[in-house]
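Asks: let me see the structure of the following:
(2 chains)
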Amino acid sequence: GAGVSQTPSNKVTEKGKYVELRCDPISGHTALYWYRQSLGQGPEFLIYFQGTGAADDSGLPNDRFFAVRPEGSVSTLKIQRTERGDSAVYLCASSFISGANVLTFGAGSRLTVL
Amino acid sequence: KQEVTQIPAALSVPEGENLVLNCSFTDSAIYNLQWFRQDPGKGLTSLLLIQSSQREQTSGRLNASLDKSSGRSTLYIAASQPGDSATYLCAVSRSGGSNYKLTFGKGTLLTVNP
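Replies: This next block holds a predicted model:
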């Protein structure tokens, strides 16, 4: 596609529920990133994929968070047993290769945990 | 741990003014520095990327400078317009194996009044 697409744009869920957030990167971009932006803060790194593999998942806050990219294109961020503190905007970005490249960000998925 | 600080947190100016946004970072071992724009409900748009070996980059009315040794960058916006109103974020990547990982500041909320 022309840009990075994220769905849903908004998700409201109850504490304890399971949530999946989807990212469809720009076609041909091998690098994909997830960031989390809490209110009034800058985005914080969660995980980086190069192709199908998670090259760096050091930013995932705990084992309730998991992300996959099985075919090297679409990625899904999965959050188990959601907590109110998980409420944030989850941003996905992609780039042709990592490092010196400009990232293209999606509009984000706003997650609200009640 | 890299920390990025942006000053001021918010800025309101009349249309036509030239303005400067500031960004400082604690670890000078950076790979590159980027300035992003974020509009409400939208993703981040990359404005300028400065490699660690560069001193400045220009795009239209925007000019970004980098002083790596002092850990500072400035974004200069000439002849500001109401359409420039947005949050501006500064982000650095670290030199070495994890140069794909961006550390963001909290941003400067800019309002340009007609």
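Asks: rest of the way, CA atoms for contacts and neighbours
Replies: Fine.
Asks: what parts of chain B come near chain A?
Replies: Within chain B, the residues that sit near chain A (CA under 8 Å from any CA of the partner chain) are B:31-32, B:41-46, B:49, B:51, B:89, B:98-107.
Asks: recalculate using a threshold of 6 Å.
Replies: Applying CA under 6 Å from any CA of the partner chain, we find that chain B lies next to chain A at B:42-44, B:99-100, B:104-106.
Asks: who's in contact with whichever residue of chain B sits closest to chain A?
Replies: Nearest residue of chain B to chain A, counting by CA to the nearest CA: residue B:43, 3.8 Å away. Residues near residue B:43 by CA atoms under 6 Å, 6 or more residues apart in numbering or on different chains: A:105-107.
Asks: cool, residue A:109 as well?
Replies: Each residue near residue A:109 by CA under 6 Å, 6+ apart is listed here: A:8-10, A:89-90.
Asks: of the residues you listed - the most surrounded one?
Replies: residue A:90 (27 neighbours; other CA atoms under 10 Å in any protein chain shown).
Asks: wait, that residue sits on residue A:107?
Replies: No. Counting by CA atoms under 6 Å, residue A:90 sits too far from residue A:107 to count as a contact (9.0 Å).
Asks: where in chain A is pLDDT low?
Replies: By pLDDT under 70, the weakly predicted segments of chain A are A:1, A:98-101.
Asks: report the central residue of it.
Replies: For chain A, residue A:34 is the residue whose C-alpha lies nearest the centre (CA atoms, centre = their mean; 3.4 Å).
Asks: was I right to think that residue contacts residue A:92?
Replies: Yes. If you go by CA under 6 Å, residue A:34 and residue A:92 touch, sitting 4.6 Å apart.
Asks: what residues are up against whichever residue of chain A sits closest to chain B?
Replies: Nearest to chain B in chain A, going by CA to the nearest CA, is residue A:107, at a distance of 3.8 Å. For residue A:107, the contact set (CA under 6 Å, 6+ apart) comprises B:42-43.
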